[in-house]
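[1] Sequence and predicted structure, then a few things I'm wondering about:
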Amino acid sequence: AARDARRRGARAVAASLGADGLLAITAQGAWRAAPPERLVGNPTGAGDAAVAGLLSGLVDEAPWPERMARAVALSAAAVRAPVAGEFDRALYAELLDRVEVTEHPSAA
């Protein structure tokens, strides 16, 4: 579906893989980002947190792999927060360097 969206004119597509992370297919390449381990908690707001992480990277003009690491780390930190709409700042900082971002074989 992401490749089809790119063929139809989308410059970049980011798709949630749920607890398994995020997939992005862009003109610059394709990547998959995964949290270092599965975290249990409240998933309400995790998708919103992932979007916020992607947007912060966009604003900072960060490369796609960094944007994706931010998104996955922030999403995971939101899952661990006791209240939807919040995130665990310490966990975000810890996870940011441990999110695994790999090139994905999907055609951009």
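    Sure, I can see it. Residues are numbered from 1 along each chain as shown.
[2] CA only for contacts and neighbour counts going forward, please
    OK.
[3] got any ranges where this structure has weak pLDDT?
    The model of the chain has pLDDT under 70 over residues 106-108.
[4] hmm, try it at 50
    Residue ranges of the chain with pLDDT under 50: 108.
[5] remind me, longest helix of it?
    helix 64-80 (DSSP state H).
[6] quick one, what contacts Ala69?
    Ala33, Leu96, Asp97, Val99, Glu100, Val101 (CA atoms under 8 Å, 6 or more residues apart in numbering).
[7] Strands - which of those residues land there?
    Ala33, Glu100, Val101 (DSSP state E).
[8] Put together CSV for those residues, with neighbour count and distance to Leu22 on each row.
    As requested, the ones in strands among the contacts of Ala69 are exported to CSV (neighbours: other CA atoms under 10 Å; distance: CA to CA, whole Å):
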residue, neighbour count, distance to Leu22
Ala33, 27, 5
Glu100, 17, 10
Val101, 20, 9
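[9] CSV please, covering those residues and showing distance to Ala52.
    Formatted as CSV, the ones in strands among the contacts of Ala69 follow (distance: CA to CA, whole Å):
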residue, distance to Ala52
Ala33, 15
Glu100, 19
Val101, 18
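[10] With adjacent residues omitted, what lies nearest to Thr44?
    Leaving aside its sequence neighbours, Thr44 sits nearest to Ala84 (CA to CA, 6 or more residues apart in numbering; 5.7 Å).
[11] Assumed that neighbour was part of a helix.
    No. Checked against DSSP: H, G, I helix; E, B strand; the rest coil, Ala84 lies outside a helix; its state is coil.
[12] Kindly check the end-to-end length of stretch 48-68 for me.
    Start to finish, the residues bounding stretch 48-68 are 14 Å apart (CA to CA, to the nearest Å).
[13] Figure out how far that stretch is from the centre of its chain.
    Computed by CA atoms, centre = their mean, to the nearest Å, the chain-centroid distance of stretch 48-68 equals 8 Å.
[14] ditto for stretch 79-89
    Taking CA atoms, centre = their mean, the mean C-alpha location of stretch 79-89 is offset from the chain mean by 16 Å.
[15] Looking at the contacts of Ala69, which is nearest Pro63?
    Val101 (11.8 Å; CA to CA).
[16] wait, what's in contact with that closest one?
    Taking CA under 8 Å, 6+ apart, one finds Trp31, Arg32, Ala33, Ala34, Pro65, Met68, Ala69 in contact with Val101.
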